[in-house]
Each structure stands twice: as structure tokens, then as C-alpha cells.
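*Asks:* Generate a structure from the sequence data that follows.
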Amino acid sequence: MIPKVAGWKPDRVSELKDIVGKDGIVGVVDVSGVPARNMLDMRSSLRGMLTMTMAKKSLIRLAWKEAGLSEDNLETLLEGAIQPCVVHTDSLNCYELFDELEKTRQGRAAKEGEIAPEDIIVEAGPTEFGPGPIVGEFNAVGIPAKIDKGAVAIQKTVTVVNKGEPIEGELGLMLSKLGINPIEIGLILMGVIDDGQVLSSSELDLDTDGLRNDIIQATSGAYNLACNVRWFSSVTMPAILSKASSEALSVALEAGVVNDKTASFIISRANAHAMAIAGQLDSSALDEELVAALGAAVSSSGADAAASEAAEDTASEAVAEEEEEEEDAGFGGLGDLFG
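*Replies:* Next up is the predicted model:
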């Protein structure tokens with residue numbers, strides 16, 4: 001007897017065949033463990049960028065075969081997927097698709113019996129809970145807690161569940177109260193087929209920040225190298241000309257070449273040397289202009305010294321006054337003692 005096939009199954013296979021046969025990116029997403037409400041929110045955030053079609057693995061395999069695609073590639077995509085979903089996009093490349101699906105990842109509270117994906121660690125410190133029976137509830141699941149300064153505090157950092165171990169009893173609920181939701185849900189991309197090539201999710205997970213920093217560093221290094229070897233281009237010319245101008249000015253100043261650019265520097269340096277020499281001569285050997293110039297310089301330095309001395313004198317006087325006050329207070333106390 002030939003088993004009766006549900007009428008909707010051929011229609012779903014035909015629908016899937018049309019989807020996987022389209023141009024663009026085809027991938028498989030695992031949606032296991034995602035609550036219905038979260039799924040609606042996730043699909044809403046992705047609307048207009050991709051399509052998602054839920055189906056059993058057997059129907060996906062039939063559609064894949066009818067579309068003439070490689071069954072080995074499909075098995076690679078389905079590997080590890082508990083509840084598969086076929087995704088298709090013609091507006092995103094495979095890396096953009098991965099990034100958009102990664103944004104749907106979020107944590108939820110652990111249920112009894114679920115396996116910890118990583119070590120679950122509770123850090124020591126205060127909590128937002130006031131004194132009450134919750135202290136006993138935390139201790140009952142292995143989270144050491146006590147009342148400290150009118151609030152519940154975790155006494156020490158503790159690993160309550162190791163990676164790969166089941167989460168038992170009410171531990172998941174108590175972790176959730178501390179803001180620890182270890183079970184990750186989301187539209188987890190298993191892999192895609194792009195132009196006939198299978199790419200796993202690990203191959204699509206690019207370190208874009210690291211890549212950006214590498215490009216910036218390489219660009220900076222190339223620019224410095226080009227400037228140092230005097231590679232002339234529209235980018236390097238301003239820096240090369242600026243450096244050449246600065247070096248030419250330094251050479252001209254050392255050589256004593258006088259022109260519109262160097263005159264002010266040379267005159268300023270000569271004036272400084274002249275004042276230094278004049279300061280070492282007797283005042284009778286100087287004319288009135290030099291004496292006045294030197295006097296102004298001496299007055300300025302003298303004023304600074306006087307200000308410094310005045311500050312020191314003020315500090316000394318303050319210390320002396322404090323000592324006198326202490327001595328007066330001490331003798332007053334002795335006088336009162338002996339009448």
C-alpha cells in the first residue's frame with residue numbers, strides 16, 4: 001500500500017526548489033531554541049534584506065535534489081543544525097548576511113537540564129536585592145550569599161557550572177535574577193553557498209576591526225616609506241616639499257645666507273649673542289642703549305628673584321608665627337597647671 005502524502009508537502013518542496021534555485025546567496029540557519037516572540041522580532045529586523053523558509057530536513061533535501069544542486073554541499077550546511085531554516089538574499093553578500101544574522105544573538109535564562117555552553121561564573125560583589133529569603137535561595141543552588149550593608153552580596157567569585165555540564169534545579173532561574181543568561185539563542189548561520197562554493201560560518205566571521213587597523217597601519221607605513229625615499233606623488237609632494245623647505249632654511253642659517261626668509265632669524269640670533277657679550281663687560285665700555293637694554297633685562301630677572309624671596313620670607317614668617325603660637329599655648333598650659 002502506497003502511503004498517502006500530505007497535500008502541502010509537494011507545494012513546500014516546490015517553493016523551496018524555487019528559492020534555492022534563485023540567483024544570490026543561499027544558506028541554512030539553525031533556529032532551535034528561539035521562542036516564538038523572539039523569532040517574530042528577529043524576522044522583523046531582517047525584513048527586506050532576506051527571506052526565511054522553515055522546513056524539515058527531508059523536504060529541504062528533496063527540493064535541493066530537484067533543483068540539481070550538490071547534495072554533498074547541502075549535507076555540509078545541515079550538519080549541526082537541529083531546526084534548519086533556508087535563507088536567501090540577493091541584496092547582501094555572504095559576509096554581510098553573516099553580520100546581520102549575528103546581530104540577532106541574545107541570551108536567555110537556562111532551563112533545568114540544559115547544557116552550559118561555557119563555564120558559568122558568578123562574580124563576588126553586591127546585588128540589587130534587599131535582605132530576605134533570597135539569600136537562602138542563592139545558597140541552595142551553590143551561590144554563596146550573605147547580607148552586607150543592608151543588601152544581599154555574593155561572598156566570593158564561584159564557577160557554578162562547568163562547560164558541557166547540565167544546569168540543575170533552580171540554578172538557571174537564580175542566575176537570571178543576577179542578569180546571567182547563559183543560553184544563547186538567535187538565527188545561527190551554519191553556512192552558505194556563494195557561486196557554487198560552500199562557506200562555513202567560521203570562514204565568514206571576519207575580524208573587521210583588526211582588518212581596519214591593519215589597513216591603517218599599512219597605509220601609514222607605506223606613506224612614511226614613500227616620503228623617506230622621495231617617491232613623488234600627489235599624496236607625498238606636500239610632505240616632501242615641507243621637509244625640503246625646513247632643511248634648506250636650516251642650511252641657509254648655518255651658512256649665514258641672508259635673504260628675506262633668513263634675515264629675521266639671523267638678526268635675532270646676533271642680537272642674543274651681542275647681549276650675552278655685553279653682559280660680561282664693564283658698564284663704562286657700553287653705550288646708553290646697551291646699558292638700558294641690559295638694565296631692563298636685569299630688572300626683569302631681579303623682579304622674579306625678589307618675588308621668589310618674598311614668597312620664601314612669607315612662608316618663613318608663617319612657620320615662625322605657628323611656632324610662637326604653639327610655645328605660647330604650651331606655657332599657658334603649664335601656668336594653669338602650677339597655679
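
*Asks:* alpha carbons only for contacts and neighbour counts from here, please
*Replies:* Fine.

*Asks:* And the residue minimising distance to the centre of the chain, how far from E96?
*Replies:* The centre of the chain sits closest to D209, judged by C-alpha atoms, centre = their mean, with a distance of 9.1 Å. Distance from D209 to E96, counting by C-alpha to C-alpha, to the nearest Å: 15 Å.

*Asks:* go on, R212?
*Replies:* 16 Å.

*Asks:* what's the answer for F138, then?
*Replies:* On the measure of C-alpha to C-alpha, F138 and E96 end up 43 Å apart.

*Asks:* Comparing the two, which shows the higher neighbour count?
*Replies:* Neighbour count, other C-alpha atoms under 10 Å: between F138 and E96, F138 has more, with 20 against 12.

*Asks:* Would you confirm that the more buried one contacts V152?
*Replies:* No: taking contacts as C-alpha atoms under 8 Å, F138 lies outside contact range of V152: 9.8 Å.

*Asks:* what residues do these two have in common as contacts?
*Replies:* Shared contacts of F138 and V152 (C-alpha atoms under 8 Å, 6 or more residues apart in numbering): A145.

*Asks:* And the helices in the stretch 151-300 of the chain?
*Replies:* With helices called from DSSP state H, counting those that start in this stretch, the stretch 151-300 of the chain shows them at 171-177, 201-204, 208-228, 237-255, 263-278, 288-338.

*Asks:* Compare these and say which comes out lowest on pLDDT.
*Replies:* Of all the helices of the stretch 151-300 of the chain, mean pLDDT reaches its minimum on helix 288-338 (a mean of 52).

*Asks:* Around G130, how many other residues sit close by?
*Replies:* G130: 15 neighbours (other C-alpha under 10 Å).

*Asks:* next one: L253
*Replies:* L253: 18 surrounding residues under other C-alpha under 10 Å.

*Asks:* So for it, what's the nearest residue that isn't a sequence neighbour?
*Replies:* T262 (6.4 Å; C-alpha to C-alpha, 6 or more residues apart in numbering).

*Asks:* A81 now?
*Replies:* Nearest one to A81, counting by C-alpha to C-alpha, 6+ apart, is D30 at 5.1 Å.

*Asks:* what residues are up against that neighbour?
*Replies:* 81-85, 187-190.

*Asks:* Thought V158 was touching I143, still the case?
*Replies:* Yes: using C-alpha under 8 Å, I143 is in contact with V158, at 7.2 Å.

*Asks:* Which of those two has more residues huddled nearby?
*Replies:* I143 (25 against 15).

*Asks:* residues contacting that one?
*Replies:* Contacts of I143 by C-alpha under 8 Å, 6+ apart are 122, 154, 158, 160.

*Asks:* can you pick the most crowded of those residues?
*Replies:* Counting by other C-alpha under 10 Å, top hit in the contacts of I143: I154 with 21 neighbours.

*Asks:* Narrow the contacts of D30 to just the buried residues.
*Replies:* Those of the contacts of D30 that meet the buried threshold are 81, 83-85, 187-190, by 16 or more other C-alpha atoms under 10 Å.

*Asks:* can I get the residues you listed in TSV with distance to G221 and pLDDT?
*Replies:* Below are the buried ones among the contacts of D30 laid out as TSV (distance: C-alpha to C-alpha, whole Å; pLDDT from 0 to 100):
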residue	distance to G221	pLDDT
A81	45	87
Q83	49	90
P84	47	90
C85	46	91
L187	40	90
I188	39	90
L189	37	91
M190	38	92
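
*Asks:* Among those residues, which one sits closest to S220?
*Replies:* Taking C-alpha to C-alpha as the measure, S220 lies nearest L189 of the buried ones among the contacts of D30, at 36.1 Å.

*Asks:* what about that closest one, distance to G21?
*Replies:* Using C-alpha to C-alpha, L189 is found at 19 Å from G21.

*Asks:* which residues touch stretch 12-20?
*Replies:* 26, 53, 55, 59-60, 62-64, 66-67, 88.

*Asks:* Would you enumerate the residues in contact with L50?
*Replies:* Applying C-alpha under 8 Å, 6+ apart, the residues contacting L50 are 87-91.

*Asks:* again, only using 6 Å
*Replies:* Counting by C-alpha atoms under 6 Å, 6 or more residues apart in numbering, L50 touches 88-89.

*Asks:* Same question for L199.
*Replies:* L199 neighbours (C-alpha under 6 Å, 6+ apart): 191-192.

*Asks:* In the sheet, which residues pair with it? Tell me.
*Replies:* Under DSSP bridges, the beta-bridge partners of L199 are V192.

*Asks:* quick one: it from A67, how far?
*Replies:* Distance from L199 to A67, by C-alpha to C-alpha: 20 Å.

*Asks:* do the same with T127
*Replies:* 57 Å.

*Asks:* How about N213?
*Replies:* 43 Å.

*Asks:* of these two, who's got more company?
*Replies:* Higher neighbour count among N213 and A67: A67, with 17 against 11, using other C-alpha under 10 Å.

*Asks:* so who does the more buried one touch?
*Replies:* K17.

*Asks:* how many other residues sit next to F232?
*Replies:* Counted with other C-alpha under 10 Å, residues neighbouring F232 total 14.

*Asks:* Secondary structure of G107: a strand, I assume?
*Replies:* Yes: judged by DSSP: H, G, I helix; E, B strand; the rest coil, G107 forms part of a strand.

*Asks:* Not including adjacent chain positions, what is the nearest residue to it?
*Replies:* E184 (4.4 Å).
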